[in-house]
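Participant: make a model of this:
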Amino acid sequence: MVKVKKLKNTESGFKVADAFFHSDVNSALAAFTWREPNLSDSQMDAVWDHVHHTLGWDQGYVDSFLNQGILPPETDPELPKSKEKGERPSPNNENRVIDYDQIHSVGLDYCGCGRTSKGQVEQLLERRLYPATVVNPKTAATFRVLELFELLQYESKLSTYEFYQTISRLTDNTGLDTLKDRYPTLLRIVHQWRHLKMLKRTGRGHDPVRGASETRPEGWDKVEKGLKFLYALNLALDANFRMKRKDCSSEAADPGLSKGFAYVVEETGFQEHLKRHDNDTEPKSTCSRHDAVNLADMRPGQGYASSGIATVECSRHDSKRPLAICDMKRGERYCYMDYITVLSLQLCLLKMFLISYDIACQWFINLFQRITQIDQSCPLLQPDVEIRFLVPKFHLPAHIPACRNRFAFMLTPGAGLGDGEAPERGWGDSLLKKMVTATSEVAEHVIAHQELEATLNADQLQRWKDDVIAWELDTANPNPYEVIVKTPTQAAVRRQLVEEEEMALARGIDTSLSDEVSPCLLIARGIDLEGEQRSLKSLTKSLWEHSQDCQITRVKLRSNALTWKLEEWFSLLQLYIPTSALLHKREPQRKEGPKPFEIRATLYDVKNRWLRGQGANTRALNAIATVQARIAAARDEYRQARAVLLALSDLLAYPRVDQEFLPLQDQDIRSMTEAEPGQGETRRTLSWIWRRVNAADATEQETQAAINETIWVEWGKSRARAQRYEEEIKLVEEEMNRTLRFFDWKASSWRSKAVRSGPIAPEYAEGLKAYAERQAALCQSLRESFKWQWKGVPSLIKSANDEVERPDLFYQRKQREFARRTKTTDKIFHSCSMPSPPVPESANAPPAV
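Facilitator: Sure, this is the predicted structure:
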């Protein structure tokens with residue numbers, strides 16, 4: 001759009017007015033397409049001379065009609081229609097004004113006396129009416145109805161259609177007076193209004209060039225390495241497959257107003273980037289079966305233009321990054337995430353980045369090579385930057401154990417108490433709430449870590465510290481947080497028995513008492529029979545009193561066949577162990593790692609994130625139930641094997657069975673990263689099933705080594721938890737100071753924009769100054785408000801540090817909190833159990849019946 005001075009030749013003389021018209025069409029070209037398709041340049045000039053000199057209109061005014069496909073008027077529509085000279089036109093009720101109480105039909109009489117150069121649009125805006133069009137507007141909306149609807153939609157999620165229908169009902173709720181539908185008009189007005197308000201609030205009307213470098217303190221880039229995390233940028237990437245866009249329009253038919261202004265990428269450059277990667281094939285996942293990786297080439301489906309949106313957010317403050325949202329034409333492909341990541345970091349001067357993504361373990365592979373093809377000046381490619389890739393806490397259990405330690409927030413220096421789940425929620429906690437949480441719990445974890453260190457050997461502790469620090473500096477070093485669990489499979493045990501039997505036969509030793517079954521084969525058959533017994537037991541539980549005959553028959557047949565196999569096996573067993581007829585026990589099976597836990601965690605994650613609807617959730621619950629049945633079968637298998645070992649411990653001269661094979665409770669059956677009910681990551685303990693070596697062939701030295709390894713891992717995690725809480729306090733304190741500096745800079749920036757030089761109308765300059773001063777005062781008021789809210793933060797930090805230095809203060813606070821909770825509980829119980837006091841009888845009351 002361009003602003004054009006319109007010069008009109010009227011009966012009272014020349015009249016000058018401002019009008020806005022499209023800049024891509026001129027009158028000569030419009031006349032060419034309107035009149036004759038084969039006009040030469042000189043003929044087009046003649047056409048323009050005709051409409052200019054004969055009718056008296058200038059070029060821009062003629063364009064306003066030709067762009068709409070209509071002929072220019074023969075007379076001035078603003079002149080009086082009456083033959084009497086000087087008589088003003090009588091206003092009609094053709095105009096509609098949308099207000100919050102109704103849609104008004106009014107007659108507007110624009111000023112046409114020649115004393116003002118303002119057109120209809122400017123005259124409407126001066127009276128706080130937003131016109132629907134820039135040429136001959138017939139519909140307008142009041143500023144107050146637009147402001148009201150903006151707040152209503154933010155607070156109540158009210159749609160534009162519902163809001164318009166409400167105003168229509170207020171205008172006429174009987175349906176007798178049929179109004180022309182202004183809903184598309186209101187929709188367009190709201191779209192333009194919000195765009196203009198966004199530009200206004202960001203100062204584009206004052207100065208389009210701005211920066212925020214003054215929000216960082218001097219020397220921020222020269223701090224010691226241990227404090228670099230205070231000036232790190234925490235990014236969180238994710239995609240939303242529920243925000244699909246239907247294929248009902250296009251950029252050409254409905255162009256957007258913000259072309260790379262705010263959060264959404266500029267469409268032209270984005271489409272060019274996609275064309276270069278249209279034939280790329282996404283690599284399959286080497287971790288768990290992540291849908292984000294394996295379904296990356298998924299089409300959106302018929303009738304949809306995109307399968308969802310992808311975003312990059314600041315995970316510390318839960319806010320969108322600039323140019324960090326894009327449509328996904330197909331699944332969650334790397335080319336989408338790479339592009340918005342690069343664009344969101346334009347003009348970034350920071351030197352440390354913590355980037356979290358659901359599939360960061362896969363996405364970061366070859367990332368720098370892909371980024372180089374997009375922008376070689378990207379901050380991530382600079383030689384002096386430090387980058388750590390992480391997986392959000394909620395999604396971490398669905399990864400394999402190697403990823404859970406390498407990409408964990410809790411084990412990453414500088415991450416504080418962040419979780420990387422910013423895209424999953426709308427708003428995060430306030431800085432004050434984060435500070436209260438960190439200061440109230442830091443002493444507990446620091447003291448617990450100090451008490452653990454006091455029980456450890458000093459030399460061994462120093463070696464552990466060196467190994468942990470080496471891994472924190474370079475994750476290519478051995479990971480000190482990995483627990484190595486020796487879990488031989490049943491196939492490995494059988495192979496070992498067969499090899500031992502082969503070696504004995506090679507030496508001429510044959511211990512077989514039967515020509516058909518060797519001791520090795522006898523044990524293997526016994527293990528298989530145990531598995532068949534458990535399968536039959538599970539199948540029997542599915543029967544009930546109304547089961548069909550075919551189901552009962554199938555179970556009976558399997559039971560009979562299994563009985564014959566057992567009788568045959570027991571007859572062979574008595575050859576080797578005659579007393580087995582009295583024991584009727586079976587040899588214990590292998591102790592196998594609880595891998596179904598990982599499958600269960602993955603299924604729960606997929607169900608909660610992606611599945612919607614009764615059918616999909618029912619199938620997911622059935623899959624989870626199948627995995628849970630495998631876990632229950634492994635639990636029963638272990639308990640039976642432990643009971644057998646306890647019964648044979650004296651016979652096998654193995655008295656430490658109860659110490660090596662601990663009782664397996666239901667609360668012990670959980671994954672490595674899963675806590676007991678009511679516990680979080682910061683308070684969880686590792687289940688003993690992940691800390692035991694294989695007792696069947698473990699020596700005393702191996703057992704002690706496994707215990708030391710477990711203590712090492714738990715010590716490292718205790719150290720990490722204590723450090724994350726201490727980092728969180730420093731991070732939030734710096735963020736509070738940065739917020740105050742930001743408001744100071746913003747207020748100063750607005751005041752500098754209040755003074756404008758150049759050819760600006762006095763009333764326009766006055767409006768710019770008034771708005772700038774208002775915004776500056778608002779920023780200053782916000783600064784003072786936050787400063788007052790945070791006035792108690794230094795005392796909170798001091799109290800937390802005192803408790804760390806003096807643990808007795810921490811224990812005293814815990815005792816007071818426990819006493820307060822106990823007193824409150826007793827008070828509630830006392831008030832609920834105490835009977836109501838008797839009501840004294842009045843002297844004149846009637847006797848009780």
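Participant: give me the spatial nearest neighbour of S440, chain neighbours excluded.
Facilitator: With sequence-adjacent residues excluded and distances taken as CB to CB, 6 or more residues apart in numbering, S440 is closest to A800, at 7.5 Å. Where you see a C-beta, it was placed from the backbone N, CA and C, and this is true even at glycine.
Participant: how much space is there between G303 and R330?
Facilitator: Applying CB to CB, to the nearest Å, the value for G303 to R330 is 15 Å.
Participant: so the two - more neighbours on which side?
Facilitator: A count of neighbours by other CB atoms under 10 Å puts R330 above the other of G303 and R330, at 19 against 9.
Participant: surely the more buried one and S307 touch.
Facilitator: Yes - between R330 and S307 there is a contact at 6.1 Å, judged by CB atoms under 8 Å.
Participant: before we move on, the earlier item: how much space separates the residue nearest to S440 from R738?
Facilitator: Distance from A800 to R738, by CB to CB: 21 Å.
Participant: between the two, which one's more packed in?
Facilitator: Under the criterion of other CB under 10 Å, the comparison of A800 against R738 puts A800 first, with 22 against 16.
Participant: dihedrals phi and psi, the residue nearest to S440?
Facilitator: phi -60, psi -40 (degrees, to the nearest 10).
Participant: what's the answer for R321, then?
Facilitator: phi -80, psi 160.
Participant: tell me the secondary structure for R188?
Facilitator: Each residue gets one of three states, and R188 gets helix by DSSP: H, G, I helix; E, B strand; the rest coil.
Participant: quick one: least confident helix or strand in the chain?
Facilitator: The least trusted helix or strand in the chain, going by mean pLDDT, DSSP states H and E, turns out to be helix 27-34, with a mean of 36.
Participant: give me the buried positions along stretch 430-449.
Facilitator: Within stretch 430-449, the residues that qualify as buried are 431-432, 434-447, 449, counting by 16 or more other CB atoms under 10 Å.
Participant: stretch 566-574 now?
Facilitator: By 16+ other CB under 10 Å, the buried positions in stretch 566-574 come out as W569, L572, L573.
Participant: just how off-centre is the host helix or strand of A504 within its chain?
Facilitator: Assigned by DSSP states H and E, A504 falls within helix 490-506. Averaging C-alpha positions (CA atoms, centre = their mean, to the nearest Å) puts helix 490-506 52 Å from its chain's average.
Participant: what helices and strands are in contact with that helix?
Facilitator: helix 519-541 (3 or more CB pairs under 8 Å, 6 or more residues apart in numbering; DSSP states H and E).
Participant: confidence score at L782?
Facilitator: Per-residue pLDDT puts L782 at 96.
Participant: can you name the residues that contact the residue nearest to it when sequence neighbours are not counted?
Facilitator: Once flanking residues are discounted, L782 sits nearest to F743: 5.6 Å by CB to CB, 6+ apart. Going by CB atoms under 8 Å, 6 or more residues apart in numbering, F743 touches C779, Q780, L782, R783, F786.
Participant: tabulate those residues (JSON lines), appending distance to S795, neighbour count and secondary structure.
Facilitator: Converted to JSON lines, the contacts of F743 look like this (distance: CB to CB, whole Å; neighbours: other CB atoms under 10 Å; DSSP: H, G, I helix; E, B strand; the rest coil):
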{"residue": "C779", "distance to S795": "27", "neighbour count": "20", "secondary structure": "helix"}
{"residue": "Q780", "distance to S795": "25", "neighbour count": "17", "secondary structure": "helix"}
{"residue": "L782", "distance to S795": "23", "neighbour count": "16", "secondary structure": "helix"}
{"residue": "R783", "distance to S795": "21", "neighbour count": "18", "secondary structure": "helix"}
{"residue": "F786", "distance to S795": "17", "neighbour count": "17", "secondary structure": "helix"}
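Participant: pull the number of nearby residues for G426.
Facilitator: Residues near G426, counting by other CB under 10 Å, number 6.
Participant: show the contacting residues for it.
Facilitator: With CB under 8 Å, 6+ apart, G426 has these contacts: D318.
Participant: next, work out how far apart it and D318 are.
Facilitator: For G426, the distance to D318 equals 8 Å [CB to CB].
Participant: also N737?
Facilitator: Taking CB to CB, one finds N737 at 20 Å from D318.
Participant: which one of the two is surrounded by more residues?
Facilitator: Neighbour count, other CB under 10 Å: between N737 and D318, D318 has more, with 17 against 14.
Participant: you'd agree that one is up against A422?
Facilitator: Yes - with contacts counted by CB under 8 Å, D318 reaches A422, the gap being 4.4 Å.
Participant: could you pull out the residues contacting both of the two?
Facilitator: Common neighbours of D318 and A422 (criterion: CB under 8 Å, 6+ apart): G428.
Participant: spell out the residue ranges of the strands in the chain.
Facilitator: Remark: strands assigned in the chain by DSSP state E are 2-10, 13-21, 95-98, 103-106, 129-131, 139-142, 233-240, 245-246, 304-306, 308-314, 319-328, 352-357, 386-390.
Participant: need the residues that contact the last one.
Facilitator: Under the contact criterion CB under 8 Å, 6+ apart, strand 386-390 has outside partners 228, 351-357, 360-361, 363-364, 380, 407-409, 412, 414-415, 420.
Participant: between the strands of the chain, which gets nearest to D280?
Facilitator: Each of those has some distance to D280 by CB to CB; the shortest is strand 319-328, at 13.9 Å.
Participant: just the CA atoms of the closest one, as PDB, please.
Facilitator: Extracted C-alpha coordinates of strand 319-328, given in PDB (Å, rounded to 0.1, in the frame of the first residue of the first chain):
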ATOM      1  CA  SER A 319       8.300 -18.100  25.500                       C
ATOM      2  CA  LYS A 320       8.400 -18.500  21.700                       C
ATOM      3  CA  ARG A 321      11.600 -17.500  20.000                       C
ATOM      4  CA  PRO A 322      11.500 -15.200  16.900                       C
ATOM      5  CA  LEU A 323      10.900 -16.900  13.600                       C
ATOM      6  CA  ALA A 324      10.600 -20.200  15.400                       C
ATOM      7  CA  ILE A 325       7.200 -21.600  14.200                       C
ATOM      8  CA  CYS A 326       6.600 -23.400  10.900                       C
ATOM      9  CA  ASP A 327       4.100 -25.700   9.300                       C
ATOM     10  CA  MET A 328       5.100 -29.300   8.700                       C
END
